[in-house]
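1. need the 3D shape of this:
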Amino acid sequence: MSASKPQKSGEVRIEHSLNEKEEEFVARRRNAVLQSLNKLKIHLSQDEVPNIALLGSGGGQRAMVGLLGSLVQLQKTGLLDCILYLSGVSGSTWCMASLYQDPNWSTELETVKDKIIQRLSSSKVSWTDAFAKLKKYYSEKDEKIFSLTDVFAAMVITTYVKEIDEHTLTDQWDQQSKDPFPIYMVIDKHCKQNNDGDPWFEFTPYEAGYSLTGAFVETSSFGSKFENGCKIKDQPEIDMLYLQEDPTSLPEDECYKVLMDLVDMNLSVLNGKDPSALDESIRTKLNKLNGGKRQMVQAKKMNLTDKKTAKQYMEQYTEDVYNDLNRCFSFWPKNIWTSIIKCLVDWIWGRNYDFLHNMKDKAVPSTLLESETRDYEDAGLLINSPYFSVLRKERDIDLIISLDFSEVDPFKVELRRAEASANSSNLKAHEEAACLNPSFWDKIEEWRKTYSTSKWPYSDVQMITDLMEVAGKNILNNEDNLLEQIHLAIKIHK
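-> Residues are numbered from 1 along each chain as shown. As a prediction, this is how the structure comes out:
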C-alpha cells in the first residue's frame with residue numbers, strides 16, 4: 001500500500017495513493033487481524049496477513065437487518081476481527097451508520113445489536129422532529145445545493161432507521177480504534193448518465209472523492225465550495241442521516257405519488273405529450289388526501305405546441321398542487337415547498353459543490369472540472385455493490401466477501417467486468433473472492449414478499465430477529481468456505 005504525501009487542509013489531493021491517516025490505521029488493524037487469525041489456528045507472519053474486505057449490498061431495510069445478522073455470526077465464528085475494510089451502499093449503510101455510533105462496536109456487538117433492534121421495533125421519529133431537521137438542512141445550505149436528498153433523508157429515511165443521526169463521519173470515527181475501516185459508496189449522476197468521467201465516489205472517515213480518478217478532498221470539507229483546488233467557502237459537513245439517503249427503497253404513499261406524477265406531468269408538457277392522464281391521477285390522489293374535498297379547478301385543455309404558454313400553465317398548475325398539498329401539510333413554509341417542487345421538476349438528487357471545479361489537471365476527466373455542482377445518487381441505481389471502492393489498487397485487497405441482499409447478486413455479475421477493467425482503472429481483482437448470496441432456500445419467494453425492498457419500516461421484533469437469523473445461518477453454512485478462501489488469500493498475499 002502506498003501512502004499519500006501530507007495534505008494541506010482545504011485543498012484537493014490528486015494521487016493514486018491512500019490517505020496518510022488511512023495508511024496508519026491499516027497498519028494497526030493488520031496487527032489485530034494477525035492476532036485474530038492466530039486464534040483461528042492460522043499461523044503466519046505479519047507480512048503474510050491478507051487484506052480482507054467485506055461488502056454489503058443495497059436492499060432497503062432488508063439489507064440493514066441482513067448485514068447486522070451476518071456481522072453477529074461473523075463475530076461468533078471469530079472471523080469479524082479478520083476484516084480490514086467494511087464497505088456498503090444503500091440499505092447496508094443504514095446498518096453501518098448505526099454500528100459506528102458505538103466506539104469499538106465489533107467487540108461489543110451483542111449489546112449494540114440489541115440496542116439497534118430495540119430502536120427499530122419501538123422508536124419513532126415524529127413529523128415535527130423530522131420537519132425540524134428538514135428546516136435545518138434548508139437553512140444550513142446554499143440554495144444551489146439543496147436537493148431531494150435533504151428532503152427524503154429527513155422525511156423518509158428517519159421512518160426506517162427510527163432516529164435522526166446528526167453525527168458526522170469524521171466525528172464518529174474520532175472515537176474508533178478497533179473496528180474495520182468503513183467506506184460508503186455513491187455514484188456521480190452526470191458520469192453515470194453520460195457514460196464518461198468517473199461515476200464511483202467514496203466516503204471514508206478521512207477523505208471523499210472519485211475512486212478511479214484518485215481525486216479527493218477531506219471528508220469534513222466535502223460540500224464546501226472550491227475553486228481551482230482550494231476551498232473558498234465552508235459548508236457544514238454532511239451528517240450520517242444525509243449519507244444514508246436511499247431513494248430506491250421508498251414506499252409509495254399518496255403524497256409521494258402526487259409529487260412523482262407532478263414531475264412526470266412537467267416532463268410530458270416539456271416534450272409535447274398529452275398530460276391528461278397524469279392530471280387525472282394527480283386530482284384523484286389530491287381528492288383522497290383532502291378527504292373528498294376537491295380544491296383544484298378543472299384543467300383547461302392547453303396548446304402543447306405553444307411552449308411559452310404551456311410552461312406558464314405548468315408553473316401555475318404546480319403552484320395549485322402546492323396549495324392543495326399545503327392544506328394537508330400546512331406547517332410547511334412556502335419557501336421550502338417551492339424549493340422541493342423545483343428539485344422535483346429538475347429531478348435534483350444529492351447536489352453538492354464540485355470540489356474539482358476549474359482545476360487544471362490532466363489526470364482528471366474534463367467533465368469533472370467544468371461544472372460548479374455535481375449530483376450524487378445511491379450506488380444501487382448503477383451497480384448494487386461497493387466493490388469499486390475496495391478494488392482500488394492501492395488498497396491491495398486479497399479477498400472480498402460479498403454479502404448480497406438485493407434482488408440479484410450484483411458482485412457476481414460484475415466481477416468479470418472489474419477484472420477486464422483492472423489494468424486501465426488501477427484496480428486489483430481476484431477470482432478467489434468468496435461471493436455469498438444469503439438467499440432464503442426453499443421459502444425464497446415467501447421471504448422476498450415478506451421482506452421486499454419497498455416494504456414499510458419494520459416494527460415487529462420477531463420479523464427482525466427472523467431475518468437476522470437467516471442471514472446468520474448463511475455465514476455459518478459458509479464458515480468452512482470462508483476459512484478456505486482466507487488460506488488462499490494468504491498464498492496470494494505472499
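
2. what mean pLDDT does the lengthiest strand in the chain get?
-> Ranked by residue count and defined by DSSP state E, the top strand of the chain is strand 181-188. Throughout strand 181-188, pLDDT has a mean value of 94.

3. just the CA atoms of that strand, as PDB, please.
-> Taking C-alpha atoms only, strand 181-188 is exported to PDB below (Å, rounded to 0.1, in the frame of the first residue of the first chain):
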ATOM      1  CA  PHE A 181     -12.300   0.800   8.300                       C
ATOM      2  CA  PRO A 182     -15.700   2.000   6.800                       C
ATOM      3  CA  ILE A 183     -16.300   3.100   3.200                       C
ATOM      4  CA  TYR A 184     -19.600   4.400   2.000                       C
ATOM      5  CA  MET A 185     -20.200   4.400  -1.800                       C
ATOM      6  CA  VAL A 186     -22.400   6.600  -4.000                       C
ATOM      7  CA  ILE A 187     -22.300   7.400  -7.700                       C
ATOM      8  CA  ASP A 188     -21.900  10.600  -9.700                       C
END
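
4. so what touches it?
-> Applying Cβ atoms under 8 Å, 6 or more residues apart in numbering, the contact partners of strand 181-188 are 22, 25-26, 29, 84-89, 93, 96, 100, 169, 173, 197-205, 210, 243, 350, 368, 374-379, 381-382, 386, 388-390. Quick note: C-beta positions are derived from backbone N, CA and C, even for glycine.

5. buried ones in the helix ranked longest in the chain?
-> Counting residues, the longest helix in the chain under DSSP state H turns out to be helix 307-328. Going by neighbour count (16 or more other Cβ atoms under 10 Å), the buried part of helix 307-328 is 310, 313, 314, 317, 318, 320, 321, 322, 324, 325.

6. tell me who's in contact with the nearest residue to residue 239 once chain neighbours are set aside.
-> Spatial nearest neighbour of residue 239, excluding adjacent residues (Cβ to Cβ, 6 or more residues apart in numbering): residue 166 at 4.8 Å. Residue 166 is in contact with 239, 240, 241, counting by Cβ under 8 Å, 6+ apart.

7. go through those residues and name the one nearest residue 123.
-> When those are ranked by distance to residue 123 (Cβ to Cβ), residue 241 comes first, at 14.3 Å.

8. please verify my assumption that that closest one contacts residue 162.
-> No - the criterion here is Cβ atoms under 8 Å, and residue 241 misses it with residue 162 at 11.5 Å.

9. before we move on, the earlier item: what backbone torsions are found at the residue nearest to residue 239?
-> Dihedral angles of residue 166 (phi, psi; degrees, to the nearest 10) stand at phi -100, psi 10.

10. where's it relative to residue 255, distance?
-> Noted for residue 166: a distance of 25 Å to residue 255, by Cβ to Cβ, to the nearest Å.

11. on that earlier part again, what's next to the helix or strand just after the longest strand of the chain, contact-wise?
-> Next helix or strand after strand 181-188 toward the C-terminus (DSSP states H and E): helix 189-194. Residues outside helix 189-194 that contact it (Cβ under 8 Å, 6+ apart): 197-199, 349-350, 367-368, 371, 374-377, 381-382.

12. ok, stretch 141-155 next?
-> Stretch 141-155 is contacted from outside by 130-131, 133-134, 137-138, 164, 223, 225, 235, 241-242, 244-245, 247, 250, 339-340, 343-344, 347-353, 372-373, 375-376, using Cβ under 8 Å, 6+ apart.

13. tell me which element residue 473 is part of?
-> Element membership for residue 473, per DSSP H and E: helix 461-477.

14. show me what counts as buried in that helix.
-> Counting neighbours by 16+ other Cβ under 10 Å, helix 461-477 gives 463, 464, 466, 467, 468, 470, 471, 472, 473, 474, 475 as buried.

15. list the helices and strands it packs on?
-> Applying 3 or more Cβ pairs under 8 Å, 6 or more residues apart in numbering; DSSP states H and E, we find helix 461-477 packed against helix 60-77, helix 109-122.

16. and of those, who's closest to residue 46?
-> helix 60-77 (22.7 Å).

17. return the set of buried residues in the closest one.
-> 60-75, 77.

18. which of the contacts of strand 181-188 fall in helices?
-> Short answer: the contacts of strand 181-188 in helices (DSSP H) are 22, 25-26, 29, 93, 96, 169, 173, 243, 368, 388-390.

19. thanks again, I'm all set now.
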